[in-house]
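K.L.:
coordinates only, sequence not included:
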């Protein structure tokens, strides 16, 4: 099954598929791919599911590259935002399991990425340990 097919059979985001990195809007410069022909498409999960989950901490994006799906959250990398991003990650995992199993079946081996929207400001702290344990250390840019 392709990413596009998986999106189109997921009722909550049925119309969310966009070609390339279009769904990432201004954040598409945060993603670098070595071969654009392997880029299958993207979905703005946050925007598409907002009417259904207006008060939830929703994850930002999904994108497919080389038949694998990656989930990207572009968010400030500050100590005060760690709880928010971890809640978003838990929301995403629950949503994939309960609402988007076909997309979940396509995820990459290391599928979750927090891309910092500004400077990295999470020092050695309990918050740093938590994101480290969740394998979600913020990065400046995702290279695939």
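P.N.:
Now that the structure is in, tell me what you want to look at. Quantities reported herein were computed from a predicted structural model and do not represent experimental measurements.
K.L.:
can you pull the buried residues of the helix or strand of the chain with the lowest mean pLDDT?
P.N.:
Lowest mean confidence among the helices and strands of the chain (mean pLDDT, DSSP states H and E): helix 126-133, at a mean of 92. By neighbour count with 16 or more other CB atoms under 10 Å, helix 126-133 contains the buried residues 127, 131. (C-beta placed from N, C-alpha, C; glycine too.)
K.L.:
can you list the strands that the helix or strand just after that helix pairs with?
P.N.:
Downstream of helix 126-133, the first helix or strand assigned by DSSP states H and E is strand 142-143. Partners of strand 142-143 in the sheet, by DSSP bridges, are strand 31-32 (parallel).
K.L.:
contact partners of the strand it pairs with?
P.N.:
Residues outside strand 31-32 that contact it (CB atoms under 8 Å, 6 or more residues apart in numbering) are 21, 24, 63, 72, 141, 142, 143, 144.
K.L.:
farthest-separated two in these?
P.N.:
24 and 143 (14.7 Å; CB to CB).
K.L.:
quick one, which of the two is more surrounded?
P.N.:
residue 24 (21 against 9; other CB atoms under 10 Å).
K.L.:
quick one: the helices in the protein, in order.
P.N.:
Using DSSP state H, the helices of the chain run over 3-8, 45-49, 82-98, 101-104, 126-133.
K.L.:
counting neighbours, which bits of the fourth one end up buried?
P.N.:
Of the residues in helix 101-104, those with enough neighbours to count as buried (16+ other CB under 10 Å) are 103, 104.
K.L.:
check the third one too.
P.N.:
Taking 16+ other CB under 10 Å as the neighbour-count basis, helix 82-98 is seen to contain the buried residues 82, 85, 86, 88, 89, 91, 92, 95, 96.
K.L.:
and the first one, by the same measure?
P.N.:
Within helix 3-8, the residues that qualify as buried are 3, 6, 7, counting by 16+ other CB under 10 Å.
K.L.:
can you list contacts of that helix?
P.N.:
Under CB under 8 Å, 6+ apart, the answer for helix 3-8 is 13-14, 16-17, 40-41, 43, 62, 64, 67, 69, 100, 102-103, 105-106.
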